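Colleague: attaching a predicted model along with its sequence, questions to come.
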Protein chains: 2
Amino acid sequence: MGSASSKTRLYDGFAAVGKALSSGRRLELLDVLAQGPRSVERLAAEIGQGVANTSSHLHVLLGAGLVTTERDGNRVVYALAGAAVEDLWAALRATTQAHAAALDRLAVDYLGDRSELETITRADLAERLRHIPRPLVLDVRPAAEFLAGHVPGAVSVPPDELPTRVRRLPTADDVVAYCRGSYCIYADDAVRALRRRGVRAARLEDGFPEWRRAGLPVAVGDERAAPR
Amino acid sequence: MGSASSKTRLYDGFAAVGKALSSGRRLELLDVLAQGPRSVERLAAEIGQGVANTSSHLHVLLGAGLVTTERDGNRVVYALAGAAVEDLWAALRATTQAHAAALDRLAVDYLGDRSELETITRADLAERLRHIPRPLVLDVRPAAEFLAGHVPGAVSVPPDELPTRVRRLPTADDVVAYCRGSYCIYADDAVRALRRRGVRAARLEDGFPEWRRAGLPVAVGDERAAPR
DNA sequence: CAGTAATTCAAGAAGTCTCTTGAATAGTTG
DNA sequence: CAACTATTCAAGAGACTTCTTGAATTACTG
């Protein structure tokens, strides 16, 4: 105990988890899994990779203890291993944002210039939902993710329906859009489209996983099916 | 904007920071740097590697924005880039501990069995320092680190002096020892040595960097030089 | 301004990682 | 049980990582 090589091995143990975070494809997988469990095939489609390669990345995450698997019929469903994993991914994003100068350019390339895009914090939105008139909240994620959990009162506008739906939304004074997280582009598209039509729209600074992680209220299923 | 390859590049940007965390030697460097800035030569000695290799690891950390450099005379001093980096390293340790089953064995190999070792949280120690009789607090780190900052009232017992000093410590009822962090072995040695002599000793669950990061009171320099 | 000390660069050997392709396996359905 | 689907395994090409050795660079010192 206390020998040089056992110290080496201990730190290599931490590094094994770091290694799991060292591939962009694996981080995309974690990001998608933060939305909810998924089969290998769906994950492969979401990150635009082959199934075999996706499977092997998932095994790396599994080996690092960041995800868990469960069989469901003849498919294998992967899920995040726990809340600590979301925290770790959040810490990685925060640190990268704070200290990697190069990231800003990459983010602008992917997301476009956000300087004109008004944002609102989780806390602000939670506060504003407590008072009338409440802002109209748009959930710009695929319908399945909305059904699995959303901000109470939010209206589901799946990203592929955005172009058609944006024209006939109730013309609210105030609209807040959110999607999967800070680096998800759907809510940006919604806010920009609404702004072009003269609606006062803002985007939530991050996404639904962060909302849920913060312990804020969550609604499940289709609220309109059983109206208040 | 929004293209597949710009998304790839964005996530590869996060992965670049993950990659910096993917080597045990680099994590050891971060751990040492959490104690304070250091020259390349000292860092190389602390992690038991050649200077050239250490320099190259430091450049990886520098490229990821996790450390900064500053010239001081004819040596280059590296330091952590900011508090977010400490948070990230803490999140990595926490997640690894929570989800990587293999880590427990590695930790036992390096640190020995801690099940008999009483621990105390930061909050508990802070609370107990507010009341008389206060526990005797031992800072089991090299003298230079003690001088750079320590728990107020703590007595410096550098690890190399531990075997001789442990015999003639004031026989306090209650002793709390701390060192660099959870995975630092010095405080364990101190607690074990004191227990063998029948002293009721506990170790702080983590170390001085966590204490400081938590905003708890910190003393600098040698308090005995200017006694209260 | 030559000498010295600390750091960085360069090259190379051994090993590892990513992604592709094609085959093997496990589980379900008619 | 045969056909089918989803996932995993295996092998290989090409690129990258780690650590070593020795030379080059940088900045201070007398």
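Modeller: Happy to help now that I have it. Numbering: from 1, shown residues only, chains lettered A, B, ... in the order given.

Colleague: can you map out the strands along chain A?
Modeller: Ranges of strands within chain A are A:38-39, A:67-72, A:75-80, A:119-120, A:136-139, A:155-156, A:174-178, A:200-204, based on DSSP state E.

Colleague: ok, residues contacting the second one?
Modeller: Put plainly, it is strand A:67-72. Contacts to strand A:67-72, defined as C-beta atoms under 8 Å, 6 or more residues apart in numbering or on different chains, come from residues A:29-30, A:33, A:37, A:39, A:58, A:61-62, A:76-81, A:85. All C-beta spots, glycine's among them, are computed from the backbone N, C-alpha and C.

Colleague: ok, back up a step: so which of the strands of chain A is nearest DNA strand C?
Modeller: Among the strands of chain A, the nearest to DNA strand C by C-beta to the nearest atom of the strand is strand A:67-72 (6.0 Å).

Colleague: circling back to that earlier point, got CSV for the strands of chain A, with mean neighbour count and mean pLDDT too?
Modeller: Formatted as CSV, the strands of chain A follow (neighbours: other C-beta atoms under 10 Å in any protein chain shown; pLDDT from 0 to 100):
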stretch, mean neighbour count, mean pLDDT
strand A:38-39, 18, 94
strand A:67-72, 14, 91
strand A:75-80, 18, 94
strand A:119-120, 16, 94
strand A:136-139, 24, 94
strand A:155-156, 19, 92
strand A:174-178, 24, 92
strand A:200-204, 22, 92
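
Colleague: hang on, residue A:128 packs against residue A:136?
Modeller: No - Residue A:128 lies out of contact with residue A:136 (C-beta atoms under 8 Å); the separation is 11.1 Å.

Colleague: which neighbours do these two have in common?
Modeller: Contact criterion C-beta under 8 Å, 6+ apart; residues shared by residue A:128 and residue A:136: residue A:176.

Colleague: where does chain A dip in pLDDT?
Modeller: By pLDDT under 70, the weakly predicted segments of chain A are A:1-4, A:170-172, A:224-228.

Colleague: the helices in it, which residues?
Modeller: Using DSSP state H, the helices of chain A run over residues A:4-20, A:24-33, A:40-47, A:51-63, A:83-99, A:101-111, A:122-128, A:143-148, A:162-165, A:186-196, A:208-213.

Colleague: for the spatially most central residue of chain A, what are its contacts?
Modeller: For chain A, the residue nearest the mean C-alpha position is residue A:180 (2.9 Å; C-alpha atoms, centre = their mean). Contact analysis of residue A:180 by C-beta under 8 Å, 6+ apart lists A:31, A:34-35, A:141, A:145, A:186, A:207-209.

Colleague: from those, which is closest to DNA strand C?
Modeller: The closest of those, once distances to DNA strand C are taken by C-beta to the nearest atom of the strand, is residue A:31, at 15.2 Å.

Colleague: for the closest one, give me its contacts.
Modeller: Residues in contact with residue A:31, defined by C-beta under 8 Å, 6+ apart, are A:89, A:180-181, A:183, B:11.

Colleague: which pair in those spans the largest distance?
Modeller: A:180 and B:11 (13.1 Å; C-beta to C-beta).

Colleague: which residues of chain A lie near DNA strand C?
Modeller: Residues of chain A lying close to DNA strand C by C-beta under 7 Å from any atom of the strand are A:19, A:22-23, A:25-26, A:49-50, A:52-53, A:56-57, A:60, A:71, A:73-74.

Colleague: show the buried residues in the residues you listed.
Modeller: Buried subset of the residues of chain A next to DNA strand C (neighbour count, 16 or more other C-beta atoms under 10 Å in any protein chain shown): A:19, A:22-23, A:25-26, A:49, A:57, A:60.

Colleague: out of these, which are close to chain B?
Modeller: With C-beta under 8 Å from any C-beta of the partner chain as the criterion, these include A:19, A:22-23, A:25-26 near chain B.

Colleague: can you name the two of those that are farthest apart?
Modeller: Farthest pair in these, by C-beta to C-beta: A:19 and A:25, 13.3 Å.

Colleague: and residue A:185, how many neighbours does it have?
Modeller: As a burial measure, residue A:185 scores 17 neighbours (other C-beta atoms under 10 Å in any protein chain shown).

Colleague: tell me the contacts of the nearest residue to residue A:96 once chain neighbours are set aside?
Modeller: Using C-beta to C-beta, 6 or more residues apart in numbering or on different chains and skipping the chain neighbours, the partner closest in space to residue A:96 is residue B:17 (4.6 Å). Listed by C-beta under 8 Å, 6+ apart, the contact set of residue B:17 reads A:21, A:92, A:95-96, A:99-100, B:64-66, B:88.

Colleague: what two of the buried ones among the residues of chain A next to DNA strand C are the furthest from one another?
Modeller: So, those by C-beta to C-beta: farthest apart are A:19 and A:49, at 18.3 Å.

Colleague: wait, isn't residue A:162 in contact with residue A:187?
Modeller: No - in this structure, residue A:162 is not within contact of residue A:187 by C-beta under 8 Å, at 10.0 Å.

Colleague: which neighbours do the two share?
Modeller: Common neighbours of residue A:162 and residue A:187, counting by C-beta under 8 Å, 6+ apart, are residue A:140.

Colleague: between these two, who's got more neighbours?
Modeller: The residue with more neighbours, out of residue A:162 and residue A:187, is residue A:187; 31 against 18, by other C-beta under 10 Å.

Colleague: tell me how far that one lies from DNA strand C.
Modeller: Separation of residue A:187 from DNA strand C (C-beta to the nearest atom of the strand, to the nearest Å) stands at 27 Å.

Colleague: what's near enough to touch that residue?
Modeller: By C-beta under 8 Å, 6+ apart, the contact list for residue A:187 reads A:138, A:140, A:177-179, A:203-204, A:207.

Colleague: same check, this time on residue A:78
Modeller: Counting by C-beta under 8 Å, 6+ apart, residue A:78 touches A:29, A:33, A:37-40, A:43, A:58, A:61-62, A:67-69.

Colleague: next: residue A:102.
Modeller: By C-beta under 8 Å, 6+ apart, the residues touching residue A:102 are B:13, B:16.

Colleague: brilliant, that's me finished.
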